[in-house]
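[1] The following block contains a protein sequence and its predicted model.
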Amino acid sequence: MTPRDDGEEIVGMRSPQSMAALLAIASSLHGPEGHYLPPTGAPPGPPHDHLSTAARALEWLLPRRELRVPKLPPSASELAMLREIRGAVQCLTRGDREGYRRGVGRLTHAARFELTGDVGLRPAASGWRAIAFGLVVPLVALDEHRASLKRCGNPRCGFVFLDRSDNQRRRWCSDTCGNRSKVRRFRSRRRKP
C-alpha cells in the first residue's frame with residue numbers, strides 16, 4: 001500500500017495524484033460562494049466553471065496546493081480530459097454510478113501508465129496529460145468512498161468533499177460555508193413577521 005498526501009492509501013498503486021487533487025478538479029464547477037473569501041459585501045454572482053476555457057483552468061489550478069501544474073494552459077484535448085474527470089466525480093456525487101462507470105471507462109481506456117523501478121505506476125506522459133492520467137488512479141479508488149462523497153450543503157457553494165467525520169453527518173465543505181448558511185437561515189427567520 002502506498003501512502004497518499006491526504007492520509008489514505010490506494011491499495012496496490014502508487015498514485016501520482018491525490019484524492020485532494022481529484023476533489024479540486026471536481027469542485028472546479030461551483031456556485032458564487034465556492035471561493036472561501038469573497039470580498040465583504042460582494043453580491044452573489046453566477047456559478048463558476050473554471051474549466052470553461054484553458055486560461056480559466058490555469059487560473060484556477062495554478063495556485064492550488066493540491067496539484068502541481070504546468071505554467072502553460074492545457075490544450076483542448078487535455079482540458080476535455082479534465083472535464084471528463086470532473087463529470088465522472090459529479091456523477092458519483094449525484095448517485096449516478098452508471099454515468100461514473102462510463103466516464104471512468106473512457107478515461108482508463110485513454111490513460112497510459114508505465115511501471116517504475118519499484119513496481120509503482122506513473123503516467124506515460126508529461127505536462128497536463130500526465131496530470132489527467134494521474135487523476136485516473138484516485139478516480140477509480142473514489143468508488144470505494146462513494147458513501148462519504150458529498151456536495152456542500154450551501155447551495156451557493158457546491159464544492160465536493162469527502163465526509164471523514166465519525167458520524168458521517170457533515171453538511172458543509174468548510175466551517176465558512178456552514179457559518180454562512182446558519183447566518184442566512186437566522187436572518188431569514190428574523191425577517192418573517
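    Arrived safely, thanks for sending. Numbers count the residues shown, from 1 in each chain.

[2] quick one: what helix or strand has Cys91 in it?
    In this assignment (DSSP states H and E), Cys91 forms part of helix 76-94.

[3] for the record, mean pLDDT for stretch 133-145?
    The pLDDT scores in stretch 133-145 average 94.

[4] Might you list the low-confidence residue ranges for this structure?
    1-16, 35-45, 181, 186, 188, 192-193 (pLDDT under 70).

[5] Let's see that with 90 instead.
    Segments of the chain classed as low confidence (criterion: pLDDT under 90) are 1-18, 31-48, 63-68, 115-122, 153-158, 164-193.

[6] Let's check: the centremost residue of it is which one?
    Leu23 (2.0 Å; CA atoms, centre = their mean).

[7] ok, back up a step: C-terminal to the helix holding Cys91, what's the next element?
    helix 97-110.

[8] sorry, back to before: could you pull up the residues touching the residue nearest to the centre of the chain?
    Glu66, Val89, Phe159, Val160, Phe161, Leu162 (CB atoms under 8 Å, 6 or more residues apart in numbering). Placement of C-beta: from N, CA and C, glycine included.

[9] what does His48 give?
    With CB under 8 Å, 6+ apart, His48 has these contacts: Leu29, His30, Gly31, Pro32, Gly34, His35.

[10] Look up how far Gly158 lies from it.
    9 Å (CB to CB, to the nearest Å).

[11] Need the overlap of contacts for those two.
    Leu29, His30, Gly31, Gly34.

[12] Give the burial count for the third one, as a bare number.
    By that I understand Gly31. Applying other CB atoms under 10 Å, we find 19 residues neighbouring Gly31.

[13] that older thread, narrow the shared contacts of His48 and Gly158 to those in helices?
    In helices, judged by DSSP state H, none of these are found.

[14] Which member of these is positioned nearest Ala76?
    Ranked by distance to Ala76 (CB to CB), the shared contacts of His48 and Gly158 are led by Leu29 at 18.0 Å.

[15] For burial, what's the neighbour tally of the residue nearest to the closest one when sequence neighbours are not counted?
    Among residues not flanking Leu29 along the chain, Asp49 sits closest, at 5.0 Å (CB to CB, 6 or more residues apart in numbering). Residues contacting Asp49 under the criterion other CB under 10 Å number 15.

[16] can you tell me which residues contact Asp49?
    Asp49 touches Ser28, Leu29, Arg56, counting by CB under 8 Å, 6+ apart.

[17] in terms of contact, does the second one touch Leu51 like I think?
    The one in question is Leu29. Yes. When contacts are counted by CB atoms under 8 Å, Leu29 is listed as touching Leu51 (7.1 Å).
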